[in-house]
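Visitor: fold the following.
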Amino acid sequence: MNARILKIDKGIVWVRCTSENGLTQLVLKLNFAEERLQADIVSDLDTADDGSANSAQAAAKVGQFKLDYFTNGILEVWDADANRLLGRHDAFIPVDVDMARTVANFEAGIQEFLEEANRRASARS
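Guide: The predicted structure follows:
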């Protein structure tokens, strides 16, 4: 993803990370005062739907990323050019969540996006 600084205030840097195709973006907060990488994967990670098969595939990938994170993944931000870890966000630990249903809902949503991508690709052929 390409990174662009949005704002710097009181030791916090807001960075918008955008995919190469411009459809998917994530806003990260680099909190230097607390030495933390902060991200709200639910509200700060999103993908746009331009009606293409690629955008439906991107939505499926975002869904898979969120599922992986919710099932105790750790978010790391790397400088791809220098192959250096810039920061990490602690693992997501769910509280008062029915994980079986949450996982099933994510998997169903991912499948729907993949099927939509196939429909869109077929319609263009």
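Visitor: measure the one residue sitting closest to the centre of the chain to Ser55 for me?
Guide: The centroid of the chain falls nearest to Leu45 when counting by CA atoms, centre = their mean (4.3 Å). Distance, Leu45 to Ser55, using CB to CB, to the nearest Å: 15 Å. Quick note: C-beta positions are derived from backbone N, CA and C, even for glycine.
Visitor: now the helices for the chain?
Guide: 41-44, 53-70, 99-124 (DSSP state H).
Visitor: give me whichever of these is most buried.
Guide: Mean neighbours per residue, mean count of other CB atoms under 10 Å, is largest over the helices of the chain for helix 53-70, with a mean of 19.
Visitor: quick one, it and helix 99-124 angle?
Guide: 170 degrees (axes from the mean of the first three to the mean of the last three CA atoms, to 10 degrees).
Visitor: among the helices of the chain, which gets the worst mean confidence?
Guide: Looking at those, the lowest mean pLDDT belongs to helix 41-44 (a mean of 86).
Visitor: ok, residues contacting that helix?
Guide: Leu26, Val27, Leu28, Phe65, Lys66, Tyr69, Phe70, Leu75, Phe92 (CB atoms under 8 Å, 6 or more residues apart in numbering).
Visitor: run the last query once more with 10 Å
Guide: The contact list for helix 41-44 (CB atoms under 10 Å, 6 or more residues apart in numbering) reads 14, 16-17, 25-29, 38, 62, 65-66, 69-70, 73, 75, 89, 92.
Visitor: filter these to the buried ones?
Guide: 14, 16-17, 25-29, 38, 62, 65-66, 69-70, 75, 89, 92 (16 or more other CB atoms under 10 Å).
Visitor: among those, which are in strands?
Guide: The strands, defined by DSSP state E, take in Trp14, Arg16, Cys17, Gln25, Leu26, Val27, Leu28, Lys29, Gln38, Leu75, His89 from the buried ones among the contacts of helix 41-44.
Visitor: distance of the closest residue to Asp46 other than its chain neighbours relative to Asp50?
Guide: Excluding its sequence neighbours, the residue lying closest to Asp46 (CB to CB, 6 or more residues apart in numbering) is Gln25, at 6.3 Å. Separation of Gln25 from Asp50 (CB to CB): 14 Å.
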